[in-house]
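Trainee: sequence first, then the predicted structure:
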Amino acid sequence: MTTILVSWTCGVQAGVVNSEWTGGRGGEWANAANWSPATVPDNTASQTFAVTIDGSEGKTQVRISQNRTVNQLDVYGNVWLENRTPNNIELVLVGENGLTNYGNLRLRGGAFNELGQFTIDGNVTNEPNAMLELLGVHIWNDFYNSSEAAVLIKYENCFVSGVQNNGAIIVDLFGEMGTDANIVNTGQIQICGGMCAAVGLLHNDANAIIEGFGMVHSNESFQNSGTIFASSGSLVLHTDASFVNAGTLENRVGAVLSVMARNADVNNSDKINVNASGSVVFDCNLVNEPNGVIELLGGTLAAQKVAQSPGATFEGFGGITGNVVIDPNGIMKLTGPTNIVGTVQIAENATLEIIDGTTLITGHTICNGTIHMRGGRIIPQDGLSGDCNIIWEPGAYTNGADFNLDGRVDFEDFTDFADTWLWQADWHTP
């Protein structure tokens, strides 16, 4: 019995072949002469393969032209692994380690239908300091991008079963990164005109960054605990479920950040920055929760309704498109020239502060709280109603009585006022 067991164990071990590429700078996977031992790696019932391709001596281009199955594939150095045929090719990795990239690996398949699809069926890991470039490749299993590792997505690509990014992922123009499970980002995802999509939830972790222009989509919850900002164009954040911001949302100067949440209001419990010559747009209601901060820095904030909760901060100047509701004990401070295209409701014990600038409101203003003007003024174009407490006082930098704008209020201001207004009164006869 012992002799039989030992013989069986040795037979199993002998069935695993450690196969190394020896084909130099380029060649076909199907050529046995390119491998050591001289056998084409492709699992059978009696023999399986653990494959290593080392391109440390220079770029190594390996062409795969038919389906292959191996236990695992380890890549070092500068390697191109490509399907250059019009057929769809599948590389199956049955071992748990799957494909591990330690170097600079380029996987290429169909791009704009010029070649057949290249599918990696197995787990893929991009190790620290490694670079993985994908062109027309599908990965039918989990993908893990280590910290200090980088991935470049070109053309149409699909990750299935989950993406864990701890490093950097760049989604180039026409590139798509998707999964039928979740995307968890603890590193950086840069969208350069492409799309990043998850059928499951998308979570941008604390200290993680999503930036650029293009689209980021989640069928389920979109959760931001890090930083998301639009730059160089328009970045759309889209979800079929809820969007929760517990991090920072921002548009860089001249860019537009759009948040589209179909099923719920967007709740801000951290920070939204709206920079000049651009906008942050919500296609739903925006609720600025207690301890939430919105800074209007010359840009435009747009939503169906902007609700300011007690304990939340809303400061700055620029534009607001949508109806504004200041809840009881809530405070909104507009510190410069601001246009509100919509209605304004100021609840009892709520305050709208207008500081050093004019606030123009196109819709009707209902005030049962306080409008506090400090060196500023309000123009409610569609009227003002309610039991409103209106307070006016000079501002730190401006004073409504400083008609000649010399920084002082004195008799010269009265003279300017008289020259401009009093002599034009109906009762005055020249």
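Mentor: That came through, no problem.

Trainee: who is the residue lying closest to Cys388 once chain neighbours are set aside paired with across the strands?
Mentor: Of all residues not flanking Cys388 in the chain, Cys367 sits nearest, at 3.6 Å (C-beta to C-beta, 6 or more residues apart in numbering). All C-beta spots, glycine's among them, are computed from the backbone N, C-alpha and C. Residues in a beta bridge with Cys367, per DSSP bridges, are Ile346.

Trainee: Cys367: what's it in contact with?
Mentor: Val344, Gln345, Ile346, Leu352, Leu384, Ser385, Gly386, Asp387, Cys388 (C-beta atoms under 8 Å, 6 or more residues apart in numbering).

Trainee: how about Asn285?
Mentor: Asp265, Val266, Ala303, Gln304, Lys305, Val306, Ala307.

Trainee: narrow these to those in strands?
Mentor: If you go by DSSP state E, those have Val266, Ala303, Gln304, Lys305, Val306, Ala307 in strands.

Trainee: tell me the one of those nearest Asn291?
Mentor: Ala307 (14.6 Å; C-beta to C-beta).

Trainee: check which helix or strand covers the one residue sitting closest to the centre of the chain.
Mentor: Nearest residue to the geometric centre of the chain (C-alpha atoms, centre = their mean): Ile210, 3.6 Å. Taking DSSP states H and E as the criterion, Ile210 maps to strand 209-218.

Trainee: tell me what the helix or strand following that strand is packed against?
Mentor: Downstream of strand 209-218, the first helix or strand assigned by DSSP H and E is strand 222-224. If you count contacts as 3 or more C-beta pairs under 8 Å, 6 or more residues apart in numbering; DSSP states H and E, strand 222-224 packs onto strand 202-204, strand 227-239, strand 243-245.

Trainee: with distance to Val253 added, can I get those strands in JSON lines?
Mentor: What follows is those, written out as JSON lines (distance: least, C-beta to C-beta, whole Å):
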{"stretch": "strand 202-204", "distance to Val253": "22"}
{"stretch": "strand 227-239", "distance to Val253": "9"}
{"stretch": "strand 243-245", "distance to Val253": "21"}
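
Trainee: save the ones you listed as JSON lines, and put in mean neighbour count, distance to Thr313 and mean pLDDT too.
Mentor: Listed next are the helices and strands packed on strand 222-224 as JSON lines, based on neighbours: other C-beta atoms under 10 Å; distance: least, C-beta to C-beta, whole Å; pLDDT from 0 to 100:
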{"stretch": "strand 202-204", "mean neighbour count": "25", "distance to Thr313": "22", "mean pLDDT": "97"}
{"stretch": "strand 227-239", "mean neighbour count": "21", "distance to Thr313": "18", "mean pLDDT": "97"}
{"stretch": "strand 243-245", "mean neighbour count": "24", "distance to Thr313": "14", "mean pLDDT": "95"}
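
Trainee: between those, which one is nearest to Thr362?
Mentor: Distance to Thr362, taken as C-beta to C-beta, is lowest for strand 227-239 among the helices and strands packed on strand 222-224, at 25.1 Å.

Trainee: run the chain-centre distance for the closest one.
Mentor: 5 Å (C-alpha atoms, centre = their mean, to the nearest Å).

Trainee: equivalent analysis for stretch 376-391, please.
Mentor: For stretch 376-391, the distance to the chain centre is 39 Å (C-alpha atoms, centre = their mean).

Trainee: can you name the residues in contact with that stretch?
Mentor: 334, 343-344, 346, 352, 354-373, 395, 398, 400.

Trainee: which among these count as buried?
Mentor: When those are checked for burial by 16 or more other C-beta atoms under 10 Å, the buried set is 334, 343-344, 346, 352, 354-357, 359, 361, 363-373, 395, 398.

Trainee: among those, which are located in strands?
Mentor: Per DSSP E, the buried ones among the contacts of stretch 376-391 map to strands at 334, 344, 346, 352, 354-355, 359, 361, 365-367, 370-373.

Trainee: for those, which one is nearest Ile139?
Mentor: Nearest to Ile139, judged by C-beta to C-beta, of those is Leu334 at 49.7 Å.

Trainee: tell me the bridge partners for that closest one.
Mentor: Counting by DSSP bridges, the residues bridging with Leu334 are Gly316, Ile354.

Trainee: show me what contacts it?
Mentor: Leu296, Glu315, Gly316, Phe317, Leu352, Glu353, Ile354, Ile355, Gly357, Thr359, Gly376.

Trainee: so Gln223 versus Ile183, what's the distance?
Mentor: When C-beta to C-beta, to the nearest Å is the yardstick, Gln223 and Ile183 sit 11 Å from each other.
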